[in-house]
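Asker: Next comes the sequence, and after it the predicted model I'd like to discuss.
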Amino acid sequence: MDEKIVGRCLRRNQWSVEQSAKHPEFISLINIDPRMDADIMRDEVRNRVAEGARGVNVHSCMQRFYLFDRRMWPCYEVCDELQVPVCFHTGDFGGTEFDFSPQFHSNPKFLLDVLRDFPTMPVIMSHMGRPFSEHTKDIAERYPHINFDCTGLLSKKGDVVSEEYFIEMIQEIGVERIVIGTDYPHMDSAAQFGRLRGLNLTEQEKKLILRDNALRIFKIAA
C-alpha cells in the first residue's frame, strides 16, 4: 500500500509540473508523503523544483500524519536549502467522512517543531489556521517571516468568517503576509476573489493579497 501511495504521489507531481509548464498562469506545488524514503524525498523536491515547481504543499489531514512528523524533515531540509515555500494545511478540515479528528493533525500549534528546526524555511499557513486563531496570531508574532493563505475563509455567502473577523486578522498579521488561492482547484477561487474585492480594504491591500504577495513569495517575475 505504501508503494502505491508513493507512486501515485510521484506521478501526480510529474503531471503537475508538466501542466504548469504548458499553462504558466498556474504554479505547481508538489506533494511529498512521509511514507517516502528520505533520499527519494530529497531527490523529488530537487528534481521537481528544477523542472519548475514553486514549492511543496503539505495536507496532513488528507495524508493522515501530524504536522510535527519528523519523517518529513528531509523534505524541509531541501526546501530550506533551496528557499522554496512549504504550504501547510492548518486548522480544521471538513472531511466528516474520515474516521479521525482532523484538527489534531493540523492544529497550528503542531507546526512549532517545524518552525523551530527550520527557522529560515519559507512557510505558508493555509486557511490561516482557522478556527485556532490564537495559535495563528502567536505564530505570526513569533515568526515574522511566515506568510498566510486565506483560501476557504471567504465563501460566497460569508458563512465561514465575518468581514470583521477577516479584516481584524489581516490587520494583526499584516496584509503583506497574506495570499489567496493555494487550494485551487479544490476550491472555487473565483468566488473567493469576488468576495475579497468587495471587502472594506484599500485597492492596494487587495492587490497585495490577490497578486503581489504571491509574486514575491514564489519568486515570480511580474
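Answerer: Nice, thanks for sending it over.
Asker: how far does stretch 170-187 sit from the chain's center?
Answerer: 9 Å (Cα atoms, centre = their mean, to the nearest Å).
Asker: Tell me how far Ile220 lies from Ala50.
Answerer: Distance, Ile220 to Ala50, using Cβ to Cβ, to the nearest Å: 16 Å. Backbone N, C-alpha and C define where each C-beta goes, glycine included.
Asker: which residues of this protein fall in strands?
Answerer: Secondary structure of the chain by DSSP state E: the strands cover 29-31, 55-58, 86-89, 123-126, 147-149, 178-179.
Asker: could these go into JSON lines alongside mean pLDDT, distance to Glu77 and mean neighbour count?
Answerer: Shown next, in JSON lines, are these (pLDDT from 0 to 100; distance: least, Cβ to Cβ, whole Å; neighbours: other Cβ atoms under 10 Å):
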{"stretch": "strand 29-31", "mean pLDDT": "96", "distance to Glu77": "16", "mean neighbour count": "21"}
{"stretch": "strand 55-58", "mean pLDDT": "96", "distance to Glu77": "12", "mean neighbour count": "24"}
{"stretch": "strand 86-89", "mean pLDDT": "95", "distance to Glu77": "11", "mean neighbour count": "25"}
{"stretch": "strand 123-126", "mean pLDDT": "96", "distance to Glu77": "14", "mean neighbour count": "25"}
{"stretch": "strand 147-149", "mean pLDDT": "96", "distance to Glu77": "20", "mean neighbour count": "24"}
{"stretch": "strand 178-179", "mean pLDDT": "96", "distance to Glu77": "24", "mean neighbour count": "24"}
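Asker: For Lys137, give me its contacts.
Answerer: By Cβ atoms under 8 Å, 6 or more residues apart in numbering, Lys137 lies in contact with 169, 172-173.
Asker: Quick one, which of the residues you listed are buried?
Answerer: Taking 16 or more other Cβ atoms under 10 Å as the criterion, what is buried in the contacts of Lys137 is 169, 173.
Asker: Relative to Glu3, which of the contacts of Lys137 is nearest.
Answerer: Among the contacts of Lys137, Ile173 lies closest to Glu3 (Cβ to Cβ), at 40.7 Å.
Asker: Quick check: the closest one touching Ile139?
Answerer: No: using Cβ atoms under 8 Å, Ile173 is not in contact with Ile139, being 9.5 Å away.
Asker: roughly how far apart are Ile170 and Ser133?
Answerer: From Ile170 across to Ser133, the span is 12 Å (Cβ to Cβ).
Asker: Who has more neighbours out of those two?
Answerer: Neighbours were tallied for Ile170 and for Ser133 using other Cβ atoms under 10 Å; the higher tally belongs to Ile170 (21 against 17).
Asker: ok, and the closest non-adjacent residue to that one?
Answerer: Distances taken as Cβ to Cβ, 6 or more residues apart in numbering put Ile178 closest to Ile170, at 5.9 Å, once the chain neighbours are dropped.
Asker: Can you pull out the residues in contact with stretch 55-72?
Answerer: The contact list for stretch 55-72 (Cβ under 8 Å, 6+ apart) reads 27, 29-35, 41, 45, 75, 79, 84-90, 93, 95, 98, 100, 102, 104-107, 110-114, 122, 124, 182, 218.
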